[in-house]
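K.L.:
Have a look at this prediction, sequence included:
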Amino acid sequence: GAVVSQHPSWVICKSGTSVKIECRSLDFQATTMFWYRQFPKQSLMLMATSNEGSKATYEQGVEKDKFLINHASLTLSTLTVTSAHPEDSSFYICSARGGNRGSLNSPLHFGNGTRLTVT
Amino acid sequence: EDQVTQSPEALRLQEGESSSLNCSYTVSGLRGLFWYRQDPGKGPEFLFTLYSAGEEKEKERLKATLTKKESFLHITAPKPEDSATYLCAVPNSGGYQKVTFGTGTKLQVIP
């Protein structure tokens, strides 16, 4: 149980274009999903908290107009990197708490990440 | 401010050589501590949750323990396939939805 699927696993795009990453909870409903970014040899950095049916909450320093988050259903959240630039190249990972409306003390379960390369 | 510190940053073991990874935390009102394994180019894979001091969890060659200030991940007779980065994390005491991660220990097990 508690499977999170992320797509695509990798993407290469040209500078100035936009890229959409999907995160799905396959066997449970997730009212909240989290988007992380990970640089090489570094730990996970929380970018934003995605809330079903409402606006996402962004961490300090994360541009909400560049990283658009939509959480339209209980099983799908999307992250769109708009007008991508080479410095946006990174590993993006989504996560959600397992179990229906998982308790706050439940662990997060992660997708397999998306490697974004902007040329 | 919640803090999670892991040590060592990197650990190289011979196959069969047991060792322990450390996770020290500073959080007000611990509501759980999570251990994850992350392989290169993959998302973290959940291993264990520990909720109270004295609790232990085991899975194959891994055993996680918890005290009031730290957690240990013991690896008994490791195999090359145990090579990965091990992350620990705690739910934030303030932002109740969020989780603070340590920087991880990169384990390499040599045949």
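P.N.:
Now that the structure is in, tell me what you want to look at.
K.L.:
rest of the way, CA atoms for contacts and neighbours
P.N.:
Fine.
K.L.:
show me what contacts the residue of chain B found nearest chain A?
P.N.:
Chain B approaches chain A most closely through B:G43 (4.1 Å), counting by C-alpha to the nearest C-alpha. Applying C-alpha atoms under 8 Å, 6 or more residues apart in numbering or on different chains to B:G43 gives the contacts A:I93, A:F110, A:G111, A:N112, A:G113.
K.L.:
Filter those down to the buried ones.
P.N.:
A:I93, A:F110, A:G111, A:N112, A:G113 (16 or more other C-alpha atoms under 10 Å in any protein chain shown).
K.L.:
Of all pairs in these, which one spans the longest distance?
P.N.:
Using C-alpha to C-alpha, the buried ones among the contacts of B:G43 reach their maximum pairwise distance at A:F110 and A:G113, which is 7.9 Å.
K.L.:
Low-confidence ranges, the chain, go.
P.N.:
In the absence of a named chain, chain A is used. Residue ranges of chain A with pLDDT under 70: A:1, A:98-105.
K.L.:
should've been chain B
P.N.:
B:94-96.
K.L.:
got the residues of it near chain A?
P.N.:
Within chain B, the residues that sit near chain A (C-alpha under 8 Å from any C-alpha of the partner chain) are B:31-32, B:34, B:41-46, B:49, B:91, B:96-97, B:101-104.
K.L.:
change it to 6 Å
P.N.:
B:R31, B:K42, B:G43, B:P44, B:T103 (C-alpha under 6 Å from any C-alpha of the partner chain).
K.L.:
Secondary structure added to the residues you listed, as TSV?
P.N.:
Listed next are those as TSV, based on DSSP: H, G, I helix; E, B strand; the rest coil:
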residue	secondary structure
B:R31	coil
B:K42	coil
B:G43	coil
B:P44	coil
B:T103	coil
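K.L.:
ok, so of these, who is nearest B:T65?
P.N.:
Nearest member of these to B:T65, counting by C-alpha to C-alpha, is B:R31, at 15.0 Å.
K.L.:
Mind checking which of the buried ones among the contacts of B:G43 land in strands?
P.N.:
For the buried ones among the contacts of B:G43, the ones inside strands are A:I93, A:F110, with DSSP state E as the criterion.
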